[in-house]
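Chemist: Just to be clear, the model below is a prediction. Sequence and coordinates:
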Amino acid sequence: MAERAPLPRIGNTPVKFNSRKASVYSASTPTTAIKRRELRVSMHRKTVIITPEEFMDRFVPPLADHMSKRDESTSSILGNIPVASGRERKMYPPLIKALNDANICPGFQFVNTSSRGDGSERSNEAPDIGLYPSDRVPVGTTDPDGTVHSPPTDWSAVEFCIECKTSSDAHDPFKEKKDPSKGIDPTTKERKEIFAQILAYAEFMFNRQQRMWIFMVLILGDCCRIIRFDRAGAVATQKFNYKMNGATLIEFFWRYAKWSASTRGHDPTAERIPPGSALAEQMQARAKKDKVMTERKDYACRLFEESLDPRWYWWKLRVEPDGKEGEDQFFVVGKPNFQASGVVGRGTRGYVALPVDNIADGKFCYLKDAWRVVGPDIDKEGTILKHLNKHNVMYIPTLACHGDVGDPTQQVTHTDALWEEIYQKKVDEGTAGRNIVSLQLKKHRHYRISVKQVGLQMSEFANSQELVHALGCCIFAHKNAYDIGVIHRDISAGNVLLYYDVDAENPEWCGLLNDWELSKKTDSVYPHGRQLDRTGTWQFMSAMTLTTPGELVRVEDELESFFNVLLYFAIRFLHHNCKRVGDFMYAYFDDYSTLDDNYGCGIYKRYCMETGRILLHPKSSSESEGESESEDEDTIEASMALEVLTFGWPTPSDPPNPHPLDHIFATILEWTNARYTLALKKATKLKGDVEAPMPKSGANSSKKGFAIRGYTHTNPSGSMSTAELRASAEALAKRNAELQAAAQNLHGHTAILDLFVETGHGAHGDWPEEDKTPDQLPKQRYQHDEDLTITYPNPPNVSGPMLHGANPSSTASSRKRLAVEVEELEVAGPSKRSR
């Protein structure tokens with residue numbers, strides 16, 4: 001047999017855009033529509049379709065010989081399910097009755113939950129039908145006035161969902177093609193909405209349960225599909241007629257009920273702690289014991305108490321030692337205090353945990369459960385932390401234990417393997433229709449890690465000085481890690497934490513640089529890309545990284561991310577002169593541009609980095625009235641009457657008391673201005689190296705010049721004197737030297753650490769003791785113009801960085817414009833840049 005041609009290796013990686021607006025760090029309102037849309041975008045080209053027979057062979061193992069066989073006559077029990085256009089509710093009762101009466105799933109019951117969501121979730125989203133264990137079946141309620149309510153959805157208990165649609169074509173979210181490399185994602189609006197709907201249900205189940213994979217059934221009129229989701233993607237059957245060929249669907253139901261919990265997708269290394277059990281009572285007793293500890297530094301106790309939500313399942317989780325050296329460790333946890341969104345991906349959950357063997361007096365620790373990416377040169381987070389701990393890197397978590405979870409053939413994604421098998425066949429046949437590397441799916445492995453420190457989210461900082469000190473600690477940690485060959489690569493608001501260091505000689509609040517999962521060795525043999533897209537948190541990535549996704553992430557980018565984190569917290573929680581915080585945060589952190597079919601840095605963030613100034617909205621006429629005309633009328637501030645972002649004290653003074661943050665911001669922005677100016681000069685020079693050939697004279701060319709009547713040319717020769725040339729060259733060299741010196745401050749950590757320490761010690765003014773404000777991001781968060789239905793009867797004659805993409809027409813519609821652009825990009829596919 002001829003040797004197979006291997007799949008090409010990964011080249012430079014494009015920026016991953018999904019979760020930009022659904023992110024917890026986004027200024028936009030995380031509506032159900034936004035969440036669903038981004039779920040769908042994140043699943044782009046991550047679905048595989050196979051025959052029902054292959055699906056059953058791969059994912060629905062036959063029952064053992066000693067187990068009872070299904071009555072073959074049950075294959076036709078769904079033959080009379082009514083299907084009427086637009087009346088899917090008519091399908092529920094007969095479908096449920098037929099399945100329950102035939103006892104197709106012994107030990108389980110099908111329930112109509114179509115009208116009531118889970119009361120413990122903000123969203124009222126509910127699947128049409130759910131399969132529940134017989135001892136956890138949700139029941140309806142009756143009001144005193146006799147009003148009957150149907151059973152509510154229980155995402156913690158539902159085994160799988162059935163979603164019913166009346167059309168086998170118009171409602172089908174999968175678009176089958178002979179060549180799957182051309183994509184099978186939905187293209188019509190209705191199909192996209194249905195695809196997003198079933199993804200939302202899958203996300204709820206992953207979030208509320210300890211699952212390796214889940215199944216779902218989609219009824220499409222007289223046809224259906226069976227779908228399996230894992231953290232790599234989804235596998236769906238081809239459509240088949242369940243009325244004419246009901247054996248496949250009924251056999252799936254029958255086998256599912258007979259399987260063990262782990263075969264159904266439940267994680268065998270997670271054991272549910274029932275209410276009222278001994279472990280549950282011990283957890284509650286510990287929470288009550290520590291409830292008297294009300295000092296700020298006792299936040300770990302408070303976080304654990306908050307996690308004991310009776311509406312969520314509590315768990316006993318197993319952490320297996322890496323390399324199987326040592327004993328398994330067990331921890332008790334409640335509701336996660338952090339949960340990543342999405343169906344595909346790492347699915348990270350974070351818990352404040354206690355060791356099972358010492359719940360009463362053990363130290364709180366932090367346990368992270370995730371599906372890590374498996375790939376070349378990608379280390380486990382625990383391996384990285386062990387290396388950093390060995391070298392005494394300060395202000396990072398201390399590893400307690402870590403390891404992959406459970407059976408390596410079970411606790412791993414399978415969609416990616418099936419995808420590669422299908423596309424490898426295309427490569428062998430020579431029929432792969434596009435660059436398949438850009439479509440490749442990631443392989444994930446279930447993994448847990450426990451660290452000794454429990455951090456507090458940075459938004460809980462007490463004042464601006466504490467915020468700067470904590471971030472300085474994190475930068476110091478980043479420096480020491482970089483010095484021994486590790487770069488973090490995901491500096492974000494969620495990965496810098498506050499921590500009360502009780503073990504220090506003088507216990508104090510400091511910073512903790514967390515989440516080293518995406519870090520990378522600086523001497524990696526995969527310098528340009530280990531994964532299929534560039535990982536990181538959109539809001540905090542540097543403008544350079546977002547603009548040039550093929551470039552390596554450098555120290556300069558990481559320090560710029562730290563700056564973005566500082567700005568993020570400062571603009572939300574400190575006194576300043578920004579009047580419209582929601583607009584500012586969207587423009588700086590969320591906005592985007594398009595680059596060769598990829599998403600790129602928003603205009604405003606790039607503008608701030610290039611100019612070295614954070615300019616705000618134009619001043620109103622009342623604010624500008626009476627001000628003397630600026631002598632420097634060439635500057636943007638003067639010509640547009642814009643304000644530079646400045647920070648202030650809680651109590652105004654005359655003259656105003658300068659805030660030390662202003663010096664930090666001005667200094668760092670001077671450095672970024674130098675960096676981006678030099679980068680632009682370099683790019684321009686590179687482009688200018690190849691000169692376009694001069695056009696040849698021909699019959700249609702003219703050498704005749706022209707003159708402007710009444711104007712005398714002051715330099716007919718067009719040349720400069722020797723003295724002028726020398727002065728110009730010296731000025732240019734001096735400016736270049738200044739830019740080089742300023743940009744050099746971002747090539748390492750020393751300058752920014754010195755800046756933080758000197759300013760922190762009062763070298764540039766005193767720090768206010770109590771200058772933190774309530775969150776200034778409006779409760780309704782940022783809303784696009786279309787949501788606000790803003791009208792401009794007379795379009796304002798202004799422009800500026802805050803008017804990113806603004807369209808001052810009779811009725812603004814930025815969201816509609818954004819949606820159209822995004823849909824076009826989805827259709828266009830990956831950029832050539834991704835290689």
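Modeler: That came in fine, so what should we check first?

Chemist: packing partners for the lengthiest helix in the chain?
Modeler: In the chain, ranked by residue count with DSSP state H as the criterion, the top helix is helix 660-688. Judged by 3 or more C-beta pairs under 8 Å, 6 or more residues apart in numbering; DSSP states H and E, helix 660-688 is in contact with helix 464-483, helix 543-547, helix 555-573, helix 603-611, helix 722-744, helix 750-760. To be clear about C-beta, it is placed using only N, CA and C from the backbone, and glycine gets the same treatment.

Chemist: State the distance from Pro93 to Ser73.
Modeler: According to C-beta to C-beta, to the nearest Å, Pro93 stands 22 Å off from Ser73.

Chemist: pLDDT weak spots in the stretch 701-835 of the chain?
Modeler: Across the stretch 701-835 of the chain, residues meeting the criterion (pLDDT under 70) sit at 701-703, 715-720, 783-835.

Chemist: one more time with 80
Modeler: 701-707, 712-726, 728, 780-835 (pLDDT under 80).

Chemist: all helices of it, in order?
Modeler: Assigned by DSSP state H, counting those that start in this stretch, the stretch 701-835 of the chain shows helices spanning 722-744, 750-760, 785-788, 814-828.

Chemist: Next up, the contacts around the closest residue to Lys165 other than its chain neighbours.
Modeler: Distance criterion C-beta to C-beta, 6 or more residues apart in numbering; nearest residue to Lys165, sequence neighbours excluded, is His171 at 3.6 Å. Counting by C-beta atoms under 8 Å, 6 or more residues apart in numbering, His171 touches 165, 190-191, 194, 220-221.

Chemist: low pLDDT regions in the stretch 551-700 of the chain?
Modeler: Across the stretch 551-700 of the chain, the ranges flagged by pLDDT under 80 are 594-598, 617-642, 652-655, 683-700.

Chemist: what do you get for the stretch 1-150 of the chain?
Modeler: Where the stretch 1-150 of the chain drops to pLDDT under 80, the residues are 1-24, 28-30, 65-68, 84-86, 146, 148.

Chemist: The residue nearest to Lys165 belongs to a strand, doesn't it?
Modeler: No. Counting by DSSP: H, G, I helix; E, B strand; the rest coil, His171 is not found in a strand; it is coil.

Chemist: Just read off the phi/psi values of Pro397.
Modeler: Main-chain dihedrals, Pro397, degrees, to the nearest 10: phi -60, psi 150.

Chemist: Would you agree it is in contact with Leu497?
Modeler: No. With contact defined as C-beta atoms under 8 Å, Pro397 does not reach Leu497; the gap is 9.0 Å.

Chemist: before we move on, the earlier item: select only the buried ones of the contacts of His171 in ChimeraX?
Modeler: The command below creates a ChimeraX selection of those among the contacts of His171 that count as buried (16 or more other C-beta atoms under 10 Å):
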select :165,191,194,220,221
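
Chemist: list the buried ones in stretch 591-605?
Modeler: By neighbour count on 16+ other C-beta under 10 Å, the buried set for stretch 591-605 is 591-593, 595, 597-605.

Chemist: coming back round to it: more neighbours: Pro397 and Leu497, which one.
Modeler: Using other C-beta atoms under 10 Å as the criterion, Pro397 and Leu497 rank with Pro397 on top: 27 against 24.

Chemist: Run through the residues that contact the more buried one.
Modeler: So Pro397 contacts 366, 385, 451-453, 455, 512, 514 (C-beta under 8 Å, 6+ apart).

Chemist: Kindly report the same for Val454.
Modeler: Applying C-beta under 8 Å, 6+ apart, the residues contacting Val454 are 299-300, 303, 352, 364-366, 499.

Chemist: what residues are up against the closest residue to it other than its chain neighbours?
Modeler: Closest residue to Val454 apart from its sequence neighbours, by C-beta to C-beta, 6+ apart: Ala300 at 4.2 Å. Contact analysis of Ala300 by C-beta under 8 Å, 6+ apart lists 352, 364, 454.

Chemist: What about those residues, which are in strands?
Modeler: Judged by DSSP state E, those include Val352 as members of strands.

Chemist: coming back round to it: which neighbours do Pro397 and Leu497 have in common?
Modeler: 455, 512, 514.

Chemist: between the residues you listed, which is closest to Ala340?
Modeler: Asn514 (14.0 Å; C-beta to C-beta).

Chemist: ok, now how distant is that closest one from Ile664?
Modeler: When distance is defined by C-beta to C-beta, Asn514 is 23 Å away from Ile664.

Chemist: What of Ser167?
Modeler: Applying C-beta to C-beta, the value for Ser167 to Ile664 is 59 Å.

Chemist: Around Ala196, how many other residues sit close by?
Modeler: Neighbour count for Ala196, taken as other C-beta under 10 Å: 21.

Chemist: now swap in Gly119 and tell me
Modeler: For Gly119, the neighbour count with other C-beta under 10 Å is 10.

Chemist: And it, how far from Ser156?
Modeler: 11 Å.

Chemist: Then Thr47?
Modeler: 26 Å.

Chemist: The two: who's more crowded?
Modeler: Using other C-beta under 10 Å, the more surrounded residue of Thr47 and Ser156 is Thr47, with 24 against 17.

Chemist: phi, psi of that one?
Modeler: The phi/psi pair for Thr47 (degrees, to the nearest 10) is phi -120, psi 140.

Chemist: still on that earlier bit, Ser167 and Ile664 - which one has more neighbours?
Modeler: Remark: of Ser167 and Ile664, Ile664 carries more neighbours, 24 against 16, as counted by other C-beta under 10 Å.

Chemist: contacting residues around the more buried one?
Modeler: By C-beta under 8 Å, 6+ apart, the contact set of Ile664 is 468, 566, 755-756, 759.

Chemist: in the stretch 151-300 of the chain, which spans are helices?
Modeler: Here the stretch 151-300 of the chain has its helices, by DSSP H, counting those that start in this stretch, at 189-208, 247-258, 278-290, 299-307.

Chemist: So which of the ones you listed is nearest Ala504?
Modeler: Proximity to Ala504 (C-beta to C-beta) singles out helix 299-307 among those, at 16.5 Å.

Chemist: for the record, mean pLDDT for the helix or strand following that closest one?
Modeler: Per DSSP states H and E, the first helix or strand lying C-terminal to helix 299-307 is strand 314-319. For strand 314-319, mean pLDDT rounds to 98.

Chemist: Walk me through which strands strand 314-319 pairs with, and which way each runs.
Modeler: Strand 314-319 has its sheet partners listed here by DSSP bridges as strand 270-273 (antiparallel), strand 329-333 (antiparallel).

Chemist: ranking those strands by burial, who's on top?
Modeler: Among these, ranked by average contacts under mean count of other C-beta atoms under 10 Å, first place goes to strand 329-333 (a mean of 22).

Chemist: Now find how far off-centre the helix or strand that that one is followed by is within its chain.
Modeler: Following strand 329-333 in sequence order, the next helix or strand is strand 338-339 (DSSP H and E). Centroid separation for strand 338-339 versus its chain: 12 Å, with C-alpha atoms, centre = their mean, to the nearest Å.
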